[in-house]
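# requesting a structural model of the entry that follows:
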Amino acid sequence: MPHASSAPVASRQPTHIRRLLQERLDTLARAHQVPGAQLAVQVDSVTYTVQTGEADVATGERFTADTAVPLGSVTKPYTAAIVMLLAADGDLALTDLVGTHVPELRRAPHLTVRQLLSHTGGLPTGPDSDDAAALTPARYLSAHCSGRDAVCAPGTGFSYSNAGYVAAGRLIEAVTGMSWQEAVRALVLEPLGTVPSFLGDAAPTRPVARGHSVNATAGRVRPVQQTLAPVEAPAGALLASALDLVALGRAVIGHGPRAVLTPEDAEEMRRPVPGAAPGVLADAWGLGLALFQQGTQQWCGHDGNAQGTSCHLRAEPDSGAVVAFTSNANNGTDLWHELAEDIALITGVQVPSAARPLDRGRTVALPQCAGTYHNGTVEYQVMTDAEGSLALTVNGDTPAPLVCYADLTCDLVDPASGRRVPGGRFVRDPDSGAIDRLQISGRTARRTATA
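As a prediction, this is how the structure comes out:
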């Protein structure tokens, strides 16, 4: 693996590396006003784990290596691993139509298990957690995942979907006869040596971090409440430490217990799905795994943002390197991006913290893209002015200007700060050539009206 530092080998002794990682984590957490964080790095068969700060600013409880953090969407690879295990045991096949196992999805007749795990099934992102709070999985899927809700035909595009992982959880329950929580505990967490912890546990069996909202400008840090609906558990209900995520990372690169994933099934999870274009989320997508290209190396992993937490996992099969980061703040991702650069300097592990930036050329006006787009219950309104410049509103929120490029990608401009945030692209219909979809942060919306 290439080294990003010219430091002599003697300075790379384990105690020295750990001290440098601790210093950088402490420094960056203070700079970003992140209350607490964990970092675990496995390189050359050595695992370094460091942590900093408080798990809860209201109580002053300290972060420890065992503190479990709400993972948000990093839950999804655990759910995908269960499905892969069921496929390995012959209980289902990745080519199966999901509707043959899940009656509520028979109205999505062409949706396969493989498409479900790779976000290529055309399912919408799903309703807000508040709207889903009282729904059972059956009612959720019947109401929000019928054929009429599709954002594209299965297998023809990528659209990140929490609803897809609600469906994956329902699939697991139908095949195993266990609840998703029972299945993930018995089939994945316990074999990995992870003490199970879930959102909503009345009596946690390990220390738990609380999420926080950080306003760096005002210097304000406030605890926040997790609001994930119970039905959404397979998409985001797990809590774990950075060290726990290293165990998952080892499994998905084929270095973990065969009882969880064989090397062959881990490789299948990491195989890029044709046609999956996740935009800014990653460079490609596998089965439950985001894929990131770093030179000639393909890393896998996932990012997760729950209410007031930010967690990230990366693993690379050829070197066996695994990097896991957890934080209990909404702005922890900014810390993660900086920390990834420092990890390269300290350890030589050049870990990709995000998708590769695009070389998009000149900016252009795209007035022809103005109109209304829908992803389930989410409405995107793209408006144009006299000069052809575009602005975007989501469910009627404050308009955000769009800076558009010749390749149909676009940046969203924060109305408050003026900062450009990459994250969007318009998509043409392959047959007519007309703009018929909009992808924002990996979520695709169908065009339902022109301006």
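# which residues of the stretch 151-300 of the chain fall in strands?
Assigned strands in the stretch 151-300 of the chain, in chain order: 212-215, 220-223, 239-240, 284-285, 290-294, 297-306 (criterion: DSSP state E, counting those that start in this stretch).
# surely residue 400 and residue 415 touch.
Yes. Contact criterion C-beta atoms under 8 Å: residue 400 and residue 415 qualify, at 5.8 Å. Heads up, the C-betas are built off the backbone N, CA and C, glycines and all.
# among the strands of the stretch 151-300 of the chain, which is nearest residue 100?
Closest of the strands of the stretch 151-300 of the chain to residue 100 is strand 284-285, at 23.9 Å (criterion: C-beta to C-beta).
# sheet partners, orientation included, of the closest one?
If you go by DSSP bridges, strand 284-285 pairs up with strand 290-294 (antiparallel).
# just want the angle from the partner strand to strand 297-306.
Orientation check (axes from the mean of the first three to the mean of the last three C-alpha atoms, to 10 degrees): strand 290-294 against strand 297-306 gives 130 degrees.
# what's the neighbour count on residue 367?
The number of residues packed near residue 367 is 15, by other C-beta atoms under 10 Å.
# and the pLDDT at it?
Listed pLDDT for residue 367 reads 94.
# what sits against the closest residue to it other than its chain neighbours?
Computed as C-beta to C-beta, 6 or more residues apart in numbering, the closest residue to residue 367 that is not its neighbour in sequence is residue 388, at 4.0 Å. Contact partners of residue 388, counting by C-beta atoms under 8 Å, 6 or more residues apart in numbering, are 365-367.
# and the helices in the protein, which stretches?
Taking DSSP state H as the test, the helices found in the chain are 14-32, 75-88, 113-118, 129-132, 137-144, 162-176, 180-184, 190-192, 233-236, 242-252, 263-270, 332-347.
# in TSV: these, plus mean pLDDT and distance to residue 57.
TSV is the format used below for the helices of the chain (pLDDT from 0 to 100; distance: least, C-beta to C-beta, whole Å):
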stretch	mean pLDDT	distance to residue 57
helix 14-32	96	12
helix 75-88	98	25
helix 113-118	98	37
helix 129-132	92	24
helix 137-144	92	34
helix 162-176	97	28
helix 180-184	98	29
helix 190-192	98	30
helix 233-236	98	23
helix 242-252	98	20
helix 263-270	98	37
helix 332-347	96	14
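# as CSV, these with distance to residue 426 would be great.
Shown next, in CSV, are those (distance: least, C-beta to C-beta, whole Å):
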stretch, distance to residue 426
helix 14-32, 33
helix 75-88, 27
helix 113-118, 22
helix 129-132, 28
helix 137-144, 25
helix 162-176, 23
helix 180-184, 36
helix 190-192, 41
helix 233-236, 27
helix 242-252, 33
helix 263-270, 30
helix 332-347, 25
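# using TSV, lay out those helices together with mean neighbour count and distance to residue 384.
Shown next, in TSV, are the helices of the chain (neighbours: other C-beta atoms under 10 Å; distance: least, C-beta to C-beta, whole Å):
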stretch	mean neighbour count	distance to residue 384
helix 14-32	16	37
helix 75-88	25	36
helix 113-118	26	34
helix 129-132	15	31
helix 137-144	19	31
helix 162-176	24	31
helix 180-184	22	44
helix 190-192	18	51
helix 233-236	26	35
helix 242-252	26	44
helix 263-270	18	41
helix 332-347	21	31
